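S.K.: Make a model of this:
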Amino acid sequence: MEQDNNLQQNQLYYQPYNTVNRKKEPEIKLAKRDLIFALIFFAVSFIIVDFVFFHGFNLGFTIAFFVLFTATTVYLFDVNTKVSAFSYICGAMSLAGAVTFSIYNDFLVNSIMLFLVCSLFGIYICSISACIAHNQGSFRMLGDVLKETFVSPFSNGADITGAYSRVMSKNKVSRNVIIGIALSLPVLFVIIPLLAGSDAAFENLVKIVLKNIGKYLLEAILALIVTPLIILYAVSKKCGKNKKKNVKSKSRGVIQSPVTVSFLSVISATYVIYLFSQLAYFFSAFSGILPEGYSYSASVYARRGFFEMFAICVINMVIIALANILTKRVKGKIPIAVKAISAFILLFTVLILVTAMAKMKLNIEIFGLSKNRLLVSVFMIMIFVIIVFYIIHIFLPKIGYMQPIIVICSAMFIALSFSDIDGKIARYNIDAYMNGKIDSIDIEYINSLSDSSLVYMPDLAESKDHKVARQARMIINENLTENDSEIFNPEKKTEKITYKSNHDFRSYNFSKIKGEKALVEYYNSLSDDGREKLFNQYNFDNGVFYYDEEKDIYESYSGDYCTEYAYDEKKDDYVFSHRYNIYDGYDESGEPA
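M.R.: Reported below is the predicted structural model:
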């Protein structure tokens, strides 16, 4: 009996574990709805390729972004997911930012706006799909958005592909639809030519399609490349629903507080010495600090030290952020000494920021407005906003700082982009020059701005300074010639122009159309003599003539002779001056030139 029990125990002990029927459930499951949206995302990709890749960042981009926004929202939105007002605000601001592309074509601002629109869109999508793990008031939220945008779609790529394969194999309807479409193609090759032969309008439509079939095929191929990227992004967000829990940030830190206090104290002491040195500008007792012979002037004050101050502001913000993140907590809180010194450095940063803004204001008043000066001024205001909310967060850590910073700074830049930056810069500089506030005006810089500045070129073309007027007329000529090759036909050089915009709606840009119309209106407002003079100016600046800026003359070389045209104040035009031999310097009459 004892032997039988031992044998039974041994049999039970060595009995193998049955794993044959235990299959791992797939992490990502898709349905027929996902197949339908895959086709929708292909259509969205085609629109993006055609409207943006082939027609630039104009109205086409605005339309394409709205289509993408709508498609992803419908696909991901779930009434059971709680979405914060902050997320909806980010989505609304991304749409508002996309509108600016159809209004202005400022390359620099649009580049920044593209980054901003994509960032706000990413925050919105991650929020409605419940993929943000950390508190949205913390900077760690941005880490979640970056991870879900650039890591999650590709890390889940194999699972998503497998999920689509499974749902396709189970869905006979999808396969039957594809088979039906394939069978219809041979029939279409017979029907379409017959329909084209029976109707002129349909025949013309077929010709247009065949003419552009190469372009459409290329766009379809590019859309097939873009579509998987959109699908991976959207599906990875959908499958992330209800998996991300709100994680409370617990920064334990790695640096002892005395280390942080000592480090920040040295920085603070340096700033105190700097403040002490500034007394030399106000009190004679401290004047020995200044270099011997130093002359204080508005231009010196405006030019010197601005970018150094701006760099100090950025460095201080990085230092304080790292110090508060890396310092070990005492009973779960940042030590009061670290808070106090951090607040002092941030307040000093505010002082530096105000000084830098004063320098920039004076710089603009003396030397004029430029895009860089304007954008830097706006970024300084943004830094001020960041500092204010971070100081509040240091002493009241439960108050989130990231949400108000993102909303306020984004709203500021979007509002700025709607304000016609290049047009305002051109208008400011022209008015300042006309009123004598600035001594000179850089026409080439104004011309380097976007089409918004073209509206103000006619004002410069009528300037009393004939050199400024010459440059402005040359720019007007170049733009009119570029937009309509028939404008300066020699037989029609005094006729008025009928403006016809040949822009496709996808390439439509409000500022470009407005600038072209302003130049055409200026040309038509001139008298016949004025239009002929403008035509002659075009010949000078685009023909065989060479402008000598120092002598303010045009030179034309033919054979051994050079013909000069000098400016005549009475005629307000360049007229023949004299002609001389380029080898011996004598004119045709034998007299020295």
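S.K.: CA atoms for contacts and neighbours, from now on please.
M.R.: OK.
S.K.: Test my guess that V350 contacts I386.
M.R.: No. Taking contacts as CA atoms under 8 Å, V350 lies outside contact range of I386: 10.6 Å.
S.K.: Run a quick neighbour tally on K339.
M.R.: Neighbourhood size, K339 [other CA atoms under 10 Å]: 17.
S.K.: Please identify the helix or strand for it.
M.R.: Assigned by DSSP states H and E, K339 belongs to helix 336-367.
S.K.: Quick check: mean pLDDT of the helix or strand following that helix?
M.R.: Using DSSP H and E, the helix or strand that follows helix 336-367 in sequence is helix 371-395. When pLDDT is averaged over helix 371-395, the result is 88.
S.K.: repeat for stretch 170-186
M.R.: In this model, stretch 170-186 has an average pLDDT of 71.
S.K.: got it, and stretch 524-534?
M.R.: Stretch 524-534 shows a mean pLDDT of 83.
S.K.: Can I get that stretch as CSV, trimmed to CA atoms?
M.R.: Taking C-alpha atoms only, stretch 524-534 is exported to CSV below (Å, rounded to 0.1, in the frame of the first residue of the first chain):
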residue,chain,number,x,y,z
ASN,A,524,-2.7,102.0,-63.2
SER,A,525,-2.8,105.2,-61.1
LEU,A,526,0.2,106.6,-63.0
SER,A,527,-0.2,108.8,-66.1
ASP,A,528,1.0,107.6,-69.5
ASP,A,529,4.3,109.3,-69.0
GLY,A,530,4.6,107.9,-65.5
ARG,A,531,4.0,104.3,-66.8
GLU,A,532,6.5,104.9,-69.5
LYS,A,533,9.0,106.1,-67.0
LEU,A,534,8.5,103.1,-64.9
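S.K.: What angle do helix 371-395 and the helix holding K339 make with each other?
M.R.: 160 degrees (axes from the mean of the first three to the mean of the last three CA atoms, to 10 degrees).
S.K.: Okay, buried residues for helix 336-367 please.
M.R.: Neighbour counts over helix 336-367 (16 or more other CA atoms under 10 Å) mark 338-339, 341-346, 348-350, 352-354, 356-367 as buried.
S.K.: State the three-state secondary structure for S556.
M.R.: strand (DSSP: H, G, I helix; E, B strand; the rest coil).
S.K.: Now that it has come up, it's in contact with F576, right?
M.R.: No. Contact criterion CA under 8 Å: S556 and F576 do not qualify, at 10.7 Å.
S.K.: in the stretch 251-400 of the chain, what spans have low per-residue confidence?
M.R.: Applying pLDDT under 70 to the stretch 251-400 of the chain flags the ranges 251-253, 278-306.
S.K.: swap the cut-off to 50 and go again
M.R.: 282-290, 294 (pLDDT under 50).
S.K.: returning to that earlier point: and for S556 and F576, which residues touch both?
M.R.: T563, E564 (CA atoms under 8 Å, 6 or more residues apart in numbering).
S.K.: Going along the chain, name the helices of the stretch 51-200 of the chain.
M.R.: Counting by DSSP state H, counting those that start in this stretch, the stretch 51-200 of the chain has helices at residues 59-76, 85-99, 107-128, 140-150, 152-155, 157-170, 172-198, 200-211.
S.K.: Ok, which of those comes nearest Y499?
M.R.: Among these, the nearest to Y499 by CA to CA is helix 59-76 (20.6 Å).
S.K.: Quick one: mean pLDDT over that closest one.
M.R.: Averaging pLDDT along helix 59-76 gives 96.
S.K.: repeat for stretch 463-480
M.R.: Mean pLDDT, stretch 463-480: 85.
S.K.: Identify each buried residue in it, please.
M.R.: Using 16+ other CA under 10 Å as the test for burial, stretch 463-480 gives 466, 468-477, 479-480.
S.K.: how much distance is there from that stretch to the middle of the chain?
M.R.: Relative to its chain's centre, stretch 463-480 lies at 31 Å (CA atoms, centre = their mean, to the nearest Å).
S.K.: got the CA positions of it in CSV?
M.R.: Only the C-alpha atoms of stretch 463-480 are listed here, as CSV (Å, rounded to 0.1, in the frame of the first residue of the first chain):
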residue,chain,number,x,y,z
SER,A,463,9.8,109.2,-52.1
LYS,A,464,11.6,112.6,-52.5
ASP,A,465,14.9,110.7,-52.1
HIS,A,466,15.3,109.5,-55.8
LYS,A,467,17.7,106.7,-54.7
VAL,A,468,15.0,105.2,-52.5
ALA,A,469,12.4,105.8,-55.2
ARG,A,470,14.6,104.1,-57.8
GLN,A,471,15.0,101.0,-55.6
ALA,A,472,11.3,100.8,-54.9
ARG,A,473,10.4,101.2,-58.6
MET,A,474,12.8,98.4,-59.4
ILE,A,475,11.1,96.1,-56.9
ILE,A,476,7.7,97.0,-58.3
ASN,A,477,8.9,96.2,-61.8
GLU,A,478,10.3,92.9,-60.7
ASN,A,479,7.1,91.8,-59.0
LEU,A,480,4.8,92.9,-61.8
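S.K.: that older thread, so which of the buried residues of stretch 463-480 is the closest to T270?
M.R.: V468 (49.1 Å).
S.K.: Quickly find the element holding the nearest residue to that closest one once chain neighbours are set aside.
M.R.: Closest residue to V468 apart from its sequence neighbours, by CA to CA, 6 or more residues apart in numbering: L460 at 6.6 Å. Remark: L460 resides in helix 457-461, with elements defined by DSSP H and E.
S.K.: what packs against that helix?
M.R.: Secondary-structure packing of helix 457-461 (3 or more CA pairs under 8 Å, 6 or more residues apart in numbering; DSSP states H and E): helix 466-483, helix 510-525.
S.K.: rerun at 6 Å
M.R.: Under the contact criterion of 3 or more CA pairs under 6 Å, 6 or more residues apart in numbering; DSSP states H and E, helix 457-461 touches helix 466-483.
S.K.: contacts for the helix it packs on?
M.R.: Contacts with helix 466-483, where a contact means CA atoms under 6 Å, 6 or more residues apart in numbering, come from M457, L460, A461, E462, S463, Y538.
S.K.: count of neighbours near L534?
M.R.: Around L534 there are 24 other residues, counting by other CA under 10 Å.
S.K.: Run the angle between the helix or strand hosting it and helix 466-483 for me.
M.R.: Using DSSP H and E, the element containing L534 is helix 528-542. Interaxial angle, helix 528-542 versus helix 466-483 (the same axes, to 10 degrees): 90 degrees.
S.K.: List the buried residues for helix 528-542?
M.R.: Neighbour-count burial for helix 528-542 flags R531, E532, K533, L534, F535, N536, Q537, Y538, F540, D541 (criterion: 16+ other CA under 10 Å).
S.K.: next one: stretch 106-125
M.R.: Across stretch 106-125, burial judged by 16+ other CA under 10 Å covers 106, 109-110, 113-114, 116-117, 119-125.
S.K.: Can you dump the C-alpha atoms of it in CSV for me?
M.R.: The C-alpha coordinates for stretch 106-125 follow below in CSV (Å, rounded to 0.1, in the frame of the first residue of the first chain):
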residue,chain,number,x,y,z
ASP,A,106,6.1,84.8,-43.8
PHE,A,107,8.5,81.9,-43.9
LEU,A,108,10.1,82.4,-40.4
VAL,A,109,6.8,83.0,-38.6
ASN,A,110,5.1,80.1,-40.5
SER,A,111,8.0,77.8,-39.6
ILE,A,112,7.5,78.6,-35.9
MET,A,113,3.8,78.4,-36.3
LEU,A,114,4.1,74.9,-37.9
PHE,A,115,5.9,73.7,-34.8
LEU,A,116,3.4,75.3,-32.5
VAL,A,117,0.4,74.0,-34.4
CYS,A,118,1.8,70.4,-34.3
SER,A,119,2.7,70.7,-30.6
LEU,A,120,-0.8,71.9,-29.7
PHE,A,121,-2.4,69.2,-31.9
GLY,A,122,-0.2,66.6,-30.2
ILE,A,123,-1.3,67.7,-26.7
TYR,A,124,-5.0,67.7,-27.8
ILE,A,125,-4.8,64.2,-29.4
